[in-house]
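# Have a look at this prediction, sequence included:
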Amino acid sequence: MRFTLRVHRQTGPEAPGALVQYSVDDISPDTSFLEMMDLLNEQLTAKGEDPIAFDSDCREGICGMCSMVINAQAHGPLPESATCQVYMRQFQDGDVITVEPFRAAAFPLVRDLIVDRSAFDRIMQAGGFISVHSGPKPDPNSVPIEPGTVELALDAASCIGCGACVAACPNASAMLYTAAKVSHLGLLPQGQPERYERVRNMVGQMEDEGFGACRNYGECEAQCPKGISIGFIGRMNHDYLRASLLDPVDRQGKMVPQ
Amino acid sequence: MRLDAKIPEAPIEHMWDTHREHLRLVGPRNRPHYRIIVVGSGLAGAAAASSLGAMGYRVNCFCFQDSARRAHSIAAQGGINAAKDYRNDGDSVYRLFYDTQKGGDYRSREANVWRLAELSENIIDQAVAQGVPFAREYGGMLANRSFGGVLVERTFYSRGETGQQLLLGANSALAEQIKARQVEMHTRTELLDIVVIDGRARGIVVRDLVTGEVRSHAADAVVLATGGYSNVYYLSTNARGCNVTATWRAYKRGARFANPCYTQIHPTCIPASGEHQSKLTLMSESLRNDGRIWVPRKRGDTRAPGEIPEEERYYYLEERYPRFGNLVPRDVASRNAKDVCDQNLGVGPTGRGVYLDFRDAIAEHGRDVIAGRYENLFEIYERITGVSPWTTPMQIYPAPHYTMGGLWVDYNLMTTVPGLYAIGEANFSDHGANRLGASSLMQCLADGYFILPITIGDYLSRHPYGDVDSSHPAFGDAERGVRDRIDRLLGIGGKRTVESLHRELGRVVWDLCGMSRTAEGLNEAQEIIPKLRDEFWTDLRITGTGDRLNQSLEHAGRLADFLEFAELMCLDALTREESCGGHFREEYKTEEGEALRDDLDFAHVSVWDFQGPDERPSLHEEPLTFHALPLAQRNYKI
């Protein structure tokens, strides 16, 4: 198969960016999209040009490192797939394919197709945890958890943190990501003590990072490689509203000296 | 130097407790003065960094990925073992110990394996407390499933993404410590050297992968949690970035490397579809329960599998192992697939594949039953290959996916360099010559949550804190070395790409030091690898510069280390004149073709000591003793 690629090239955050055209020939349909990019890079290197910088690691759709917008869709045309799970057989011979980075103000560009998604890590650090230290813990079966609850928590926890939801959203909103993280812990009994403080802190950090607001476009769910449901955003909004109404002092109760 | 494993003097079931009770501690007031470096943020690294941070130590944690959450532990699918005996099926610490020891073909250190089995229960408790959503039964209790090589159900799981859920647990603990400013996280930062001053590990030299800046970090102790070296084969189930650099740098700074030839080749992976292939994907080996493995009897048979009549199909496992058929152990299944492909009977575009056929199982059990068992695996397969296993047999081929060898560590997980620790897959300690399924996650977390945080205090408490910083000349020397090497790499100005050289190294190591090995082949490899290394250093081409993000440069640095490491791996395989677990020497097999151990001469850990760039490393032996479980021939047939 042969393709014409229009790839976003940019040497650094301050440098101007542009779509540069390349052609690749003799591509087997069983080649993955990233392997096709590898081949192109080998050709560029042979010609003495700089290869195209792009992120990828596990190449089996779980680490969340790969991040390309292919023909205006985050992770490309295949539903519920990461970029690394896209194969060339999903395109037509002779196609012109446009490859761009995950664009968002909160994801500054590093080079070519690589962006800085550390804002996601900072949202996690703002409260995406249950405060426990390592050491002896009670037996997990002492707190039975209804399997449906665990499955729902797991649906949320399946988020691979790739940032496709942000890239897909016209507002570059990180609501789906944050909601998935908030819901995972907020659904489980272990996550209850910090439930409202967590949502307050994580949403606050999300806003500080400069992500846009949610307008219910639904593109995030449609382009999420794990198919995370937009329903979690509703759940987060519910928790956030409750957290804003709760007075933290009241929640802790008062000690009245006798 | 004598290898002192520091195994406590106590009955095996009391060893860890006794040891713990006699370790020196660092008090909570003093812990903030000690700086610890943790390299790697997978299960072992994140668990260690978060635990140490929570204790009050000042931790710096490094990873080469853009986020700590992306470490390759995340890709583990199946589950994690723990001797909880929730199923009331007779499980116990002893049984988990027994299975691990036997599975490792009696080439692990008993004391470590026992401790691992003992700590397995705490890991599940810890993970659940962090919010890891393990599968539950209808009554809300934790669910279990069974895994290869054992007779009990002790594996805990979260769908097919147990690794991701456990890593997110450890990662959330890490996030908490980052927020508390106990841990400082350095992403997109790669270790390029280790600094040893007066015989103690005192820091590391790293390169910022975005800016290209080379800088030093000093500490009171350094922990390597940098994973395994399967990517020496180029094609493996590891992530693209997995590399041997940290452990190899440590080796060259005096940490000894143990059993580098112990690698595990998983029998059921999706085969390479051509030269362009960049990595391999594992398919759960549970498929062998219902799939029948075969190849055409006729060489070069290009007919579609469905058109090949029954009598022209070679069900080689069923014919060769009539009692076990398709369910022979991993290593046997892998070796036989290689054997039929070596006879040019293999299928697929590269001729390196065998069929795994569900036709008969679907006919016998019906589509619904098979879908209930394997639907998601069929989907994964179809997604990658574009072929539906419902109508066409799967093609599978073995692939490297785990390395049991690693840096030698004592019972405290310290390498032979004082103050330098190795945890998780990066060390050698618990899996002998073959790892059992669902045991790698267990070992990483036992090391990171429970063992290292206690044992490291014993070392730290014996030394003053903060007596060295990165202004010490040793750091300057190491930085210069790192910069010179980068300049050298960029200045070669040859013609070949890193990718092509890595592919070539992979082919050599796979052919000569892969599933089966011979003295002849290993000697040949020892001659080819140095030549390839010369070619690398004279004909490599890297474009771009070192002062910005340059992925070819990163890859070249890692390949340069693989090119040195591969030679040691082959030397170790050549020296170990026996077959055990994943190390199969053609010269040493039973009449039935199984691995034949030589317990008289080789019941030891082979520990290699670097002697200089062009010198042969010296070999030391740590004898293995077998008190709790006497040596026996591994047998899964009766």
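Great, that's in hand.
# residue ranges with poor pLDDT in the stretch 501-638 of chain B?
B:634-638 (pLDDT under 70).
# can you rerun that using 80?
Within the stretch 501-638 of chain B, the segments meeting pLDDT under 80 span B:592-593, B:633-638.
# So which bits of it are right by chain A?
Applying C-beta under 8 Å from any C-beta of the partner chain, we find that the stretch 501-638 of chain B lies next to chain A at B:Arg541, B:Ile542, B:Thr543, B:Gly544, B:Arg548, B:Leu549, B:Gln551, B:Ser552. All C-beta atoms are positioned from the backbone trio N, CA, C, and that covers glycine.
# repeat that for 10 Å
Proximity of the stretch 501-638 of chain B to chain A, by C-beta under 10 Å from any C-beta of the partner chain, involves residues B:Arg541, B:Ile542, B:Thr543, B:Gly544, B:Thr545, B:Arg548, B:Leu549, B:Asn550, B:Gln551, B:Ser552.
# And those, which is closest to B:Val150?
The shortest gap between B:Val150 and any of those belongs to B:Gln551, at 41.6 Å (C-beta to C-beta).
# The residues of the stretch 501-638 of chain B next to chain A in strands, which ones?
Judged by DSSP state E, those include no members of strands.
# which helices and strands sit right next to the strand or helix carrying B:Leu490?
Using DSSP states H and E, B:Leu490 falls within helix B:473-491. Under the contact criterion of 3 or more C-beta pairs under 10 Å, 6 or more residues apart in numbering or on different chains; DSSP states H and E, helix B:473-491 touches strand B:189-197, strand B:200-208, strand B:214-218, helix B:519-539, helix B:551-575.
# And the contacts of the next helix or strand after the longest one?
Per DSSP H and E, the first helix or strand lying C-terminal to helix B:551-575 is helix B:599-602. Judged by C-beta atoms under 10 Å, 6 or more residues apart in numbering or on different chains, the contacts made with helix B:599-602 from elsewhere in the structure are B:106-107, B:575-580, B:583, B:588, B:621, B:624, B:626, B:631-633.
# Check the secondary structure at the nearest residue in space to A:Asn71 that is not next to it in sequence for me.
The spatially closest residue to A:Asn71, leaving aside those adjacent along the chain, is A:Thr98, at 5.6 Å (C-beta to C-beta, 6 or more residues apart in numbering or on different chains). Classification of A:Thr98 by DSSP: H, G, I helix; E, B strand; the rest coil places it in strand.
# Please tell me how far A:Thr98 sits from B:Glu307.
Going from A:Thr98 to B:Glu307 by C-beta to C-beta, to the nearest Å gives 42 Å.
# Comparing the two, which shows the higher neighbour count?
A:Thr98 (15 against 8; other C-beta atoms under 10 Å in any protein chain shown).
# For the more buried one, give the beta-bridge partners.
With DSSP bridges as the criterion, A:Thr98 is bridged to A:Arg6.
# leaving aside the residues next to it on the chain, what's closest to the residue of the stretch 101-250 of chain A found nearest chain B?
Proximity of the stretch 101-250 of chain A to chain B (C-beta to the nearest C-beta) peaks at A:Pro144, 2.7 Å away. Nearest residue to A:Pro144 in three dimensions, chain neighbours excluded: B:Gly140, at 2.7 Å (C-beta to C-beta, 6+ apart).
# can you check B:Tyr321 too?
Nearest to B:Tyr321 is B:Val328, by C-beta to C-beta, 6+ apart, at 5.2 Å.
# That neighbour and B:Glu285 touch, don't they?
No - counting by C-beta atoms under 10 Å, B:Val328 does not reach B:Glu285; the two are 11.1 Å apart.
# who's in contact with the residue of the stretch 251-400 of chain B at minimum distance from chain A?
Residue nearest to chain A within the stretch 251-400 of chain B: B:Ser273 (4.1 Å; C-beta to the nearest C-beta). Listed by C-beta under 10 Å, 6+ apart, the contact set of B:Ser273 reads A:28-32, A:35, A:87, B:348-350, B:353, B:384-386, B:395.
# same check, this time on B:Ala173
Taking C-beta under 10 Å, 6+ apart, we find B:Ala173 in contact with A:129-134, B:46-47, B:49-51, B:53-54, B:126, B:129-131, B:183, B:448-449.
# now, which of those lie within helices?
Using DSSP state H, B:Ala46, B:Ala47, B:Ala49, B:Ser50, B:Ser51, B:Gly53, B:Ala54, B:Gln126, B:Ala129, B:Gln130 are the members of the contacts of B:Ala173 that sit in helices.
# Which helix or strand lies directly C-terminal to the helix holding B:Leu490?
helix B:498-513.
# which residues of chain A fall in helices?
A:33-46, A:118-127, A:147-157, A:164-168, A:175-187, A:195-208, A:219-223, A:231-245, A:248-252.
# about what we covered before: top of the contacts of helix B:599-602 by neighbour count?
Going by other C-beta under 10 Å, B:His583 tops these with 30 neighbours.
# Tell me who's in contact with the nearest residue to A:Leu19 once chain neighbours are set aside.
Excluding its sequence neighbours, the residue lying closest to A:Leu19 (C-beta to C-beta, 6+ apart) is A:Arg6, at 4.5 Å. A:Arg6 sits next to A:Ala18, A:Leu19, A:Val20, A:Gln21, A:Tyr22, A:Asn71, A:Val96, A:Ile97, A:Thr98, A:Val99, A:Glu100 when contact means C-beta under 10 Å, 6+ apart.
# that older thread, so which bits of the helix holding B:Leu490 are buried?
Buried residues in helix B:473-491, counted by 16 or more other C-beta atoms under 10 Å in any protein chain shown: B:Ala474, B:Phe475, B:Ala478, B:Glu479, B:Val482, B:Ile486, B:Leu489, B:Leu490.
# got it, and stretch B:513-527?
B:Cys513, B:Gly514, B:Met515, B:Ser516, B:Arg517, B:Thr518, B:Gly521, B:Leu522, B:Ala525, B:Gln526.
# For those residues, work out which two are farthest apart.
Longest span within these, C-beta to C-beta: B:Met515 and B:Gln526, 18.7 Å.
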